[in-house]
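1. my questions are about this predicted structure, shown below with the sequence.
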Amino acid sequence: NTIIASMLLFSSFVHGSEHIELSLGPHYANYRLCQNEEEVKNQWNLGGEIGIANFIPNIGLKIRGTQLKYASPLDQFVDTHEYTPLTLCTSFGLLPFLNIDWLKLTLETGLGVYSWKGFDNIGQIVVLPTGEKMEERDIGFVAGFTVQLRPLQFVGLEFASRYHYIASAEIFKYGFDDKDDLIWENGIGVKVIIPLLRR
């Protein structure tokens, strides 16, 4: 009974949606790393995103990933930090009352998995006196928005701004002060839009 009820509920969501779309494409952004007020670093980088929109009316999902490297010249152990953010966000359409195909505005919030490593000056992962490698995987939170323009029916041009809060609580075991990392992402992207279902 529970399974049947869930299927009927999902079916009602799908039929209530005007169209379901799959989108994918590259994303080029500036990632501003803020470990504290004295340590701010900027990095431009290319990543990718895949999303599905309107599987529930005006609600979608987006998966985005990239790889970032920041120099750490003042760190006595680490020459470069490498971050690999992989985020899953729910997107909410903010203009449902406007029947405009060429303009989309969405609010996004979700979770991320942030793998990071510390490299020495010859490109090897730093090995600590304890024998542990300097690599971790932390959980973070994401919030932001995206403005999408569609000059063509199946092509979208996007500007996105996102704020990442990385709860890197385990960094203290390396002998450093415990610092949660913040990344502010601002960038542009191009999406190929593939209709999956239309009423």
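-> That came through, no problem. If you're wondering where the values come from, they're calculated on a predicted model, not measured in any experiment.

2. so which helix or strand takes in Leu196?
-> Using DSSP states H and E, Leu196 maps to strand 181-198.

3. direction included, what does that strand pair up with?
-> strand 19-36 (antiparallel), strand 155-166 (antiparallel) (DSSP bridges).

4. which element follows the longest one toward the C-terminus?
-> To tie it back to what came earlier, the one meant is strand 19-36. Toward the C-terminus from strand 19-36 - assigned by DSSP H and E - lies strand 39-56.

5. buried sites along the helix or strand following that next one?
-> For strand 39-56, the following helix or strand on the C-terminal side (DSSP H and E) is strand 59-65. If you call a residue buried by 16 or more other Cβ atoms under 10 Å, then strand 59-65 has these buried ones: 59-62, 64. Using the backbone N, CA and C atoms, a C-beta is placed for each residue, glycine as well.

6. strand 59-65 pairs with which strands, and in what direction?
-> When pairs are called by DSSP bridges, strand 59-65 turns out to pair with strand 39-56 (antiparallel), strand 80-93 (antiparallel).

7. how far off centre is it?
-> 8 Å (Cα atoms, centre = their mean, to the nearest Å).

8. coming back round to it: which one of the buried residues of strand 59-65 is nearest Lys191?
-> Nearest to Lys191 out of the buried residues of strand 59-65 is Lys62 (Cβ to Cβ; 10.3 Å).

9. ok, and the closest non-adjacent residue to the closest one?
-> Of all residues not flanking Lys62 in the chain, Gly51 sits nearest, at 4.0 Å (Cβ to Cβ, 6 or more residues apart in numbering).

10. nothing else from me, thank you.
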